[in-house]
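Novice: for reference, the sequence and a predicted model appear below.
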Protein chains: 2
Amino acid sequence: MSHIYERVALIGLGLIAGSMGLAMRRAGLVGEIVGTARTAETRDVAVGLGLCDRVTETNAEAVQGADLVVLCVPVGVMGAIAAEIAPHLAPGCTVTDVGSVKRAVIEAVGPHLPEGVHFIPAHPLAGTEHSGPNSGFADLFRNRWSLLVPQEGTDEAAVARLRALWEGMGANVDVMDADHHDLVLAVTSHTPHLIAYTMVGVADDLRRVTDSEVIKYSAAGFRDFTRIAASDPTMWRDVFLTNREATLEILGRFTEELFALQRAIRKGDGDHLFDYFTRTRAIRRSIIEAGQDTDAPDFGRSGDRTKT
Amino acid sequence: MSHIYERVALIGLGLIAGSMGLAMRRAGLVGEIVGTARTAETRDVAVGLGLCDRVTETNAEAVQGADLVVLCVPVGVMGAIAAEIAPHLAPGCTVTDVGSVKRAVIEAVGPHLPEGVHFIPAHPLAGTEHSGPNSGFADLFRNRWSLLVPQEGTDEAAVARLRALWEGMGANVDVMDADHHDLVLAVTSHTPHLIAYTMVGVADDLRRVTDSEVIKYSAAGFRDFTRIAASDPTMWRDVFLTNREATLEILGRFTEELFALQRAIRKGDGDHLFDYFTRTRAIRRSIIEAGQDTDAPDFGRSGDRTKT
């Protein structure tokens, strides 16, 4: 198979870039993989793990001669990096990213890119609570969705090529408008993360319940929140700062619903609670049928138990 | 090994009772296991799965001659069942339960039990999003905590015997005061469940984001909430109605914290967000060190991916 891209530059070498490097190489999708990261420590780890063929010290060096540049850095610094690499981009190359917010990335990155460069924002809906280059693995994107958010007028061949890369790494690809992306993600990801962070913070604060109790007895539900709330703080700070409107809108709906349930508890309205809890069960079933989660109890936590 | 109890009566044959039946039998902890359930269908399933040695049609029959009676029914019906079985209990037997709330169970069940019967409320912190007798498995309690909540003056030998049963099923056992139990569980279980139910309900309601989008893109965080929100509606209705005060207190703290984070988002206060998200990471690490969860990414969802 011929390569989809001859030289890919990964800017930022965390979980996503590391997994992309491993996945692209395993499937033979690209020629050379060049990577760079802000700290020498991360660059050394990437070399040690073989995430890239070559690691450079600067972003400018990394993008030279690349026909694909992937920005794998927190949303908040993408604009500055775009400004830095713009003079060094090869004519006709594609610039993409993996940020969790799309409108803000378009506004921050787009204006810096020269004519003739294809800018195709993207967002792979994949990740774990671990971060850094050590946490990457080649199967991260398998059966997950990667959303492409090209703006009007983007070259269709360039979009098809990027789509082929993501599909080659095992992902399903959808194309979506940036504002709709940001709203959908506010529902499926950003607000759930904020809520999980909040609940874990409450538990940590509560003086009448000790930390050791919270930890010992976490299997009753809380531990699922702690997994979500263990994600990378810088990434999530930037998500909330840059997807402010959609997150605040969904948060408003969330607190409205929560207050209605709270009132039902206070008034002893069991029917309201029962009906609400019955309705939410159906969504779980649909997610399992769509292949986006396992039906094994507790996600089939490995080593935890054996079904008899 | 001699049996810890000679005849155990399981009232209600769902996930917990089914798992207890399988665990007790596998470890040879008890003589005969007698079970009963409200519906003939559940009783038939229990017979088919061999969860009990014998299934009776009525609660009164089930408890006859039993030296341990375990109430495995929703908290809201425990009082009525206690009244029903009280005249049929063997002198000196132990009555326990597996309810998620303890003060309300003590108040509902305690007054009905005759002199000479040992009443030792209990709560195994184990479960999955599945319910019903089909979902039971013998390892459900392995390395999980079971909390015993005996009241003052309870016979210590009776408590030690029940502790031995739970330890024999693989659980760790702690003894705790009822009110403290209810507060700890409001933090580690009840409030997280209510929040998860609420978030799933919000997603279901949102007309601008379709159900199929919520489902397709759920891997970004939302799917963990749907698992929690797929739990048994009757059980959870009763939990909130009977642990009202502690749940409302923790909910109050939760919304206070959430509003502070919401304000930080609105004001663009990145430092506040970053500090908060950094603090919550540490709790996750402690839970893994305490052996209460796996460190595998995404809980090591089986079949989902392979670490390379």
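Specialist: Cool, got the structure.

Novice: wait, a strand at residue A:33?
Specialist: Yes - Residue A:33: assigned to a strand according to DSSP: H, G, I helix; E, B strand; the rest coil.

Novice: show the backbone phi and psi for the closest residue to it other than its chain neighbours.
Specialist: Among residues not flanking residue A:33 along the chain, residue A:52 sits closest, at 4.6 Å (Cβ to Cβ, 6 or more residues apart in numbering or on different chains). For the C-beta atoms, the positions are set from N, CA and C on the backbone; glycine is no exception. Dihedral angles of residue A:52 (phi, psi; degrees, to the nearest 10) stand at phi -130, psi 160.

Novice: how about residue A:96?
Specialist: Dihedral angles (degrees, to the nearest 10) for residue A:96: phi -130, psi 180.

Novice: go on, residue A:49?
Specialist: Per-residue torsions, residue A:49: phi -90, psi -10 (degrees, to the nearest 10).

Novice: correct me, but it touches residue A:135?
Specialist: No - contact between residue A:49 and residue A:135 fails when scored by Cβ atoms under 8 Å: they sit 10.4 Å apart.

Novice: spell out which residues are contacts of both of the two.
Specialist: residue A:18 (Cβ atoms under 8 Å, 6 or more residues apart in numbering or on different chains).

Novice: dump the residue contacts of the residue nearest to residue A:33.
Specialist: Contact analysis of residue A:52 by Cβ under 8 Å, 6+ apart lists A:10, A:13, A:21, A:33-35, A:46.

Novice: would a markdown table of these with pLDDT, distance to residue B:107 and neighbour count be doable?
Specialist: Compiled in a markdown table, these are given as follows (pLDDT from 0 to 100; distance: Cβ to Cβ, whole Å; neighbours: other Cβ atoms under 10 Å in any protein chain shown):
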| residue | pLDDT | distance to residue B:107 | neighbour count |
| --- | --- | --- | --- |
| A:10 | 98 | 61 | 29 |
| A:13 | 96 | 58 | 29 |
| A:21 | 97 | 60 | 28 |
| A:33 | 98 | 65 | 26 |
| A:34 | 98 | 68 | 22 |
| A:35 | 97 | 63 | 28 |
| A:46 | 94 | 61 | 25 |
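
Novice: which of these lies closest to chain B?
Specialist: residue A:21 (11.0 Å; Cβ to the nearest Cβ).

Novice: show me which helix runs longest in chain A.
Specialist: helix A:244-267 (DSSP state H).

Novice: in chain A, which spans are helices?
Specialist: Remark: helices assigned in chain A by DSSP H are A:15-26, A:40-49, A:59-63, A:78-85, A:103-109, A:156-168, A:178-185, A:191-205, A:211-216, A:222-228, A:233-242, A:244-267, A:270-289.

Novice: Serialize those to JSON lines and add fields for distance to residue B:145.
Specialist: Output for the helices of chain A, formatted as JSON lines (distance: least, Cβ to Cβ, whole Å):
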{"stretch": "helix A:15-26", "distance to residue B:145": "32"}
{"stretch": "helix A:40-49", "distance to residue B:145": "38"}
{"stretch": "helix A:59-63", "distance to residue B:145": "50"}
{"stretch": "helix A:78-85", "distance to residue B:145": "45"}
{"stretch": "helix A:103-109", "distance to residue B:145": "44"}
{"stretch": "helix A:156-168", "distance to residue B:145": "43"}
{"stretch": "helix A:178-185", "distance to residue B:145": "36"}
{"stretch": "helix A:191-205", "distance to residue B:145": "16"}
{"stretch": "helix A:211-216", "distance to residue B:145": "6"}
{"stretch": "helix A:222-228", "distance to residue B:145": "12"}
{"stretch": "helix A:233-242", "distance to residue B:145": "30"}
{"stretch": "helix A:244-267", "distance to residue B:145": "26"}
{"stretch": "helix A:270-289", "distance to residue B:145": "25"}
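
Novice: closest to residue B:149 out of these?
Specialist: helix A:211-216 (14.3 Å; Cβ to Cβ).

Novice: what sits against residue A:91?
Specialist: Contacts of residue A:91 (Cβ under 8 Å, 6+ apart): A:116-117.

Novice: residue A:244 now?
Specialist: Neighbouring residues of residue A:244 by Cβ under 8 Å, 6+ apart: B:265-266, B:268.

Novice: so which of those residues wins on neighbours?
Specialist: residue B:265 (23 neighbours; other Cβ atoms under 10 Å in any protein chain shown).

Novice: and it, how far from residue A:181?
Specialist: From residue B:265 over to residue A:181 the distance is 18 Å, taken as Cβ to Cβ, to the nearest Å.

Novice: residue A:42 too?
Specialist: 28 Å.

Novice: one more: residue A:252?
Specialist: 20 Å.

Novice: over to residue A:158?
Specialist: Per Cβ to Cβ, residue A:158 is found 19 Å from residue A:181.

Novice: tally of neighbours for residue A:231?
Specialist: For residue A:231, using other Cβ under 10 Å, the count is 23.

Novice: hang on, it packs against residue A:135?
Specialist: No - counting by Cβ under 8 Å, residue A:231 sits too far from residue A:135 to count as a contact (11.2 Å).

Novice: identify the contacts common to these two.
Specialist: When contacts are counted by Cβ under 8 Å, 6+ apart, residue A:231 and residue A:135 have no shared neighbour.
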